[in-house]
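Engineer: got a predicted structure plus its sequence, pasted below:
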Amino acid sequence: MTAMTATPSGPRPLLNRRLAEFGTTIFAEMSALAVSTGSINLGQGFPDTDGPEQIREAAVRALRDGRGNQYPPGPGVPELRTAIAGHQQRRYGIGLDPDREVLVTAGATEAIAAALLALVEPGDEVVALEPYYDSYAACIAMAGGTRVPVTLRPHDGAFRLDLDELRAAITPRTRLLLINTPHNPTGTVLARAELTAIAELAIERDLLVVTDEVYEHLTFDAAEHVPLATLPGMRERTVTIGSSGKTFSFTGWKVGWVTAAPDLVTAVRSAKQFLTYVSAGPFQYAIAEALALPDAYFDGFRADMTAKRDLLAAGLADAGFGVFRPQGTYFITTDIRPLGFDDGFAFCRALPERCGVVAIPNAVFYDDRQAGAPFVRFAFCKRLPVLEEAVSRLKGIAP
Ligand code: PMP
Ligand code: GLN
């Protein structure tokens, strides 16, 4: 088999047109660069310590007891679906039927893919906040949809949504709004008033909303995570996506979920069943236990990440970066212009050689690469001594 097959108009590339623009995800590229240069990896967002020992043990127990070693049920094991519903009820007062309104997925990544493949017809427009998590663009494309970015712009030290721009982006072809709060990569947490305006627009224009809330437990200071599904009129039109990866520091287990009204869950399941069908059997039992951990776990996790954010934000500011102090997620977006640079790609490719640190150029999350060019993202979900070392390495960065 050759890499190309000939057609009358020349060789036809193997990769189809829908995916051709995406290349290799930046996370793979930058993590490989961290390994090959021995750099501190503040690029791809994964913690350098595992989650609670008792949850790791719960996974081992499930594996040894033969729970989940064969195909679990398509929608997920009942214990986990019940635990997800319990978590949504306890934290947000959202009542869910575990049998009809909860679907377990292979991480939030599969939930995003299944939701878009299920709900988007070719030609539909999907309005997404820009900068957007990279899989959104690829999944919209795989579904044959057209992405319509609405850009969060820097304003008073934070990236904010312009509600007029959002309104203007909606056309008769708009099928759904793809929201992400707390927002990766900017660290913005949409305020209740902004979410209320989004909800009003969705209702007025009769749109579905897919909301990626994987960082729901990572909000800092006074920021509050408000699930869109809790707002009036949103329960029946919202697909909410969650993940255990971030909340419990087991990103490799890939246990995620969708919660929504029964007809939406059925639609998403129709796509999901032909993607992975099912995944992560024993881990599903362990995450069911994790979701039932007492509030002290979630409070401790947030306090730990707050201290890490504070350390890295102060260190980056000291080194001369413009720092957008995040209200949520475990990422800090910086502006490299105060350091005398303006091309985040070139900056991130040179950073490992220059000082042994890896970061992510935010431009990859933009359609308008120029708009994202001066911004660079650093992850702070690392041990304090690792962050201290990264900060000391970054001190000499200004030319
Ligand atoms: N959505 C966002 C905004 C993310 O940052 C990530 C990365 N964790 C995902 C989805 C994917 O989550 P998972 O690892 O559960 O597939
Ligand atoms: N969500 C993680 C990040 O933004 C990366 C996950 C991935 O590698 N796909 O860094």
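Structural biologist: Now that the structure is in, tell me what you want to look at. Ligands and ions are numbered 1, 2, ... in the order given.

Engineer: next, the buried residues of the biggest helix by length in the chain.
Structural biologist: Using DSSP state H to define each element, the chain has its longest helix at helix 295-318. Neighbour-count burial for helix 295-318 flags Tyr297, Phe298, Phe301, Met305, Lys308, Arg309, Leu311, Leu312, Ala313, Gly315, Leu316 (criterion: 16 or more other CB atoms under 10 Å). (Each C-beta comes from the backbone N, C-alpha and C, glycine too.)

Engineer: ok, stretch 350-360 next?
Structural biologist: Within stretch 350-360, the residues scored as buried using 16+ other CB under 10 Å are Leu351, Pro352, Cys355, Gly356, Val357, Val358, Ala359, Ile360.

Engineer: thought the first one was touching Val357?
Structural biologist: When you say that, I think you mean Leu351. Yes: with the criterion set as CB atoms under 8 Å, Leu351 and Val357 qualify as a contacting pair; they are 5.5 Å apart.

Engineer: now the stretch 251-399 of the chain against ligand 2: closest residue?
Structural biologist: Ranked by CB to the nearest ligand atom, the top residue of the stretch 251-399 of the chain for proximity to ligand 2 is Ala379, at 6.3 Å.

Engineer: quick one: the strands in the stretch 101-250 of the chain?
Structural biologist: Along the stretch 101-250 of the chain, the stretches classed as strands by DSSP state E, counting those that start in this stretch are 102-106, 125-130, 146-151, 153-155, 158-160, 174-180, 208-212, 238-243.

Engineer: can you tell which of those is closest to ligand 2?
Structural biologist: When the strands of the stretch 101-250 of the chain are compared for distance to ligand 2 using CB to the nearest ligand atom, the nearest one is strand 238-243, at 9.1 Å.

Engineer: and the one residue in the stretch 51-200 of the chain that gets nearest to ligand 1, how many neighbours does it have?
Structural biologist: Using CB to the nearest ligand atom, the point where the stretch 51-200 of the chain gets nearest to ligand 1 is Gly107, with a distance of 2.5 Å. Under the neighbour criterion other CB atoms under 10 Å, Gly107 is assigned a count of 24.

Engineer: and the helix or strand hosting Arg90 with helix 295-318, angle?
Structural biologist: Under the assignment given by DSSP states H and E, the secondary-structure element containing Arg90 is helix 78-92. Taking axes from the mean of the first three to the mean of the last three CA atoms, to 10 degrees, one finds that helix 78-92 is oriented at 70 degrees with respect to helix 295-318.

Engineer: buried residues, helix 78-92. List them.
Structural biologist: By 16+ other CB under 10 Å, the buried positions in helix 78-92 come out as Glu79, Leu80, Arg81, Thr82, Ala83, Ile84, Ala85, His87, Gln88, Tyr92.

Engineer: pull up the overlap in contacts between Leu351 and Val357.
Structural biologist: With contacts defined as CB atoms under 8 Å, 6 or more residues apart in numbering, the residues adjacent to both Leu351 and Val357 are Ser39.

Engineer: who in the stretch 151-300 of the chain is up against ligand 2?
Structural biologist: Of all the residues in the stretch 151-300 of the chain, those in contact range of ligand 2 (CB under 6 Å from any ligand atom) are Asn184.

Engineer: now the helices for the stretch 151-300 of the chain?
Structural biologist: In the stretch 151-300 of the chain, helices defined by DSSP state H, counting those that start in this stretch lie at 163-169, 192-204, 244-248, 262-272, 281-291, 295-318, listed in chain order.

Engineer: wait, which of those helices is closest to Ala346?
Structural biologist: For the helices of the stretch 151-300 of the chain, proximity to Ala346 was assessed by CB to CB; helix 295-318 is nearest, at 18.5 Å.

Engineer: show residues contacting the closest one.
Structural biologist: With CB under 8 Å, 6+ apart, helix 295-318 has contacts from 42, 52, 217-221, 247, 249, 323, 325-326, 330, 332, 334, 378, 380-382, 384, 387-388, 390-391, 394-395.
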